[in-house]
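>>> Sequence first, predicted coordinates after that:
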Amino acid sequence: MNKESAPPGIDPTVPSAARIYDYLLGGKDNFAADRAAAEKLLQLAPNVKEGVRENRRFLKRAVRFMAERGIRQFLDIGAGLPTQENTHQVALAAAPESRIVYVDNDPIVLVHGRALLADNPQTIVVDGDLREPATILDNPEVTGHLDFSQPIGVLLLAILHFVPDQEQAERVCAAVRDRLAPGSALAITHLTSGDLDKQKVDEGRAVYQGTEAGMPTPRTREQVLRFFDGFELVPPGVVATREWLEEEPLALPPLPGVDGFAGIGVLPGS
């Protein structure tokens with residue numbers, strides 16, 4: 001991607017959280033400013049690439065789990081730029097009749113996602129902001145593509161840490177939960193500070209200053225657990241993301257640098 005290919009209204013000199021993530025995953029849809037920001041993160045926490053790859057592996061694990069439970073509708077909020085093994089690819093491989101909605105508010109994500117999925121009628125990409133859940137849950141495109149009277153698998157992966165206020169983040173999760181039918185599932189991954197000291201955490205957060213997403217806020221396991229209020233947690237519960245990726249989850253020591261929590265909850269009643 002170069003300056004000339006930037007969509008109208010996009011300043012390629014300002015980093016984007018989605019494009020930073022794309023670079024860390026090995027993608028090519030990023031600008032020099034995004035790469036510089038990502039390299040700064042790697043200086044502060046050398047395990048960042050491993051962390052985002054674990055997050056991608058958890059996405060696959062979560063979608064397959066939901067599909068195995070009979071869920072055929074998926075709502076991926078804060079989806080980011082298209083890469084390999086996205087939600088729609090995993091879901092459609094497991095259940096070809098699945099329907100998928102990607103939600104993001106990054107203009108480049110919207111342009112690229114819509115272009116990539118133009119010939120895939122089962123998958124749509126819509127503009128929405130998690131911080132204002134009504135922009136998603138009341139969007140006619142979303143409600144026209146997904147049947148909220150039937151179970152839906154919701155993915156909030158590496159996105160809630162961009163909602164800095166704990167109470168607001170809890171309200172967002174409650175708003176999503178209250179619109180879901182019994183048997184629906186919620187998957188969350190969330191940044192934690194790992195073994196970084198406060199100075200490095202603050203420097204890492206500052207890398208995102210000025211991005212549309214804003215600065216991320218690391219949280220504790222107890223804080224992340226509150227996002228699953230009303231859901232029944234699936235074993236092993238809310239644990240380090242890599243523990244979800246073991247055949248038999250182990251109590252592994254934190255990796256050097258940042259870390260992340262992951263969990264899946266099921267809405268009871270079906």
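Nice, I can see it.
>>> hey, let's count contacts and neighbours off CA atoms from now on
Fine.
>>> Tell me the secondary structure at the closest residue to Ser16 other than its chain neighbours.
Spatial nearest neighbour of Ser16, chain neighbours left out: Thr211 (5.3 Å); criterion: CA to CA, 6 or more residues apart in numbering. With DSSP: H, G, I helix; E, B strand; the rest coil as the basis, Thr211 sits in coil.
>>> which residues are in contact with stretch 144-161?
Contact with stretch 144-161 is made by 55, 59, 63, 66, 71-79, 99-101, 169, 179-191, 216-219, as judged by CA atoms under 8 Å, 6 or more residues apart in numbering.
>>> quick one on the thing from earlier: tell me who's in contact with the residue nearest to Ser16.
Going by CA under 8 Å, 6+ apart, Thr211 touches Val14, Pro15, Ser16, Ala17.
>>> May I see the buried residues of the helix or strand of the chain with the lowest mean pLDDT?
Sorting the helices and strands of the chain by mean pLDDT, DSSP states H and E puts helix 107-116 at the bottom, at a mean of 76. Buried residues in helix 107-116, defined by neighbour count with 16 or more other CA atoms under 10 Å: Ile108, Val109, Leu110, His112, Gly113, Arg114.
>>> Against Ala181, how distant is the fifth one?
Read it as Gly113. Separation of Gly113 from Ala181 (CA to CA, to the nearest Å) stands at 27 Å.
>>> same question, the fourth one
When distance is defined by CA to CA, His112 is 31 Å away from Ala181.
>>> The last one now?
Here the distance between Arg114 and Ala181 works out to 28 Å (CA to CA).
>>> pLDDT weak spots in the stretch 101-250 of the chain?
Within the stretch 101-250 of the chain, the ranges that satisfy pLDDT under 70 run 118, 246-250.
>>> Can you get me a residue count around the spatially closest residue to Asn47 that is not a sequence neighbour?
Computed as CA to CA, 6+ apart, the closest residue to Asn47 that is not its neighbour in sequence is Gly257, at 5.8 Å. For Gly257, the neighbour count with other CA atoms under 10 Å is 22.
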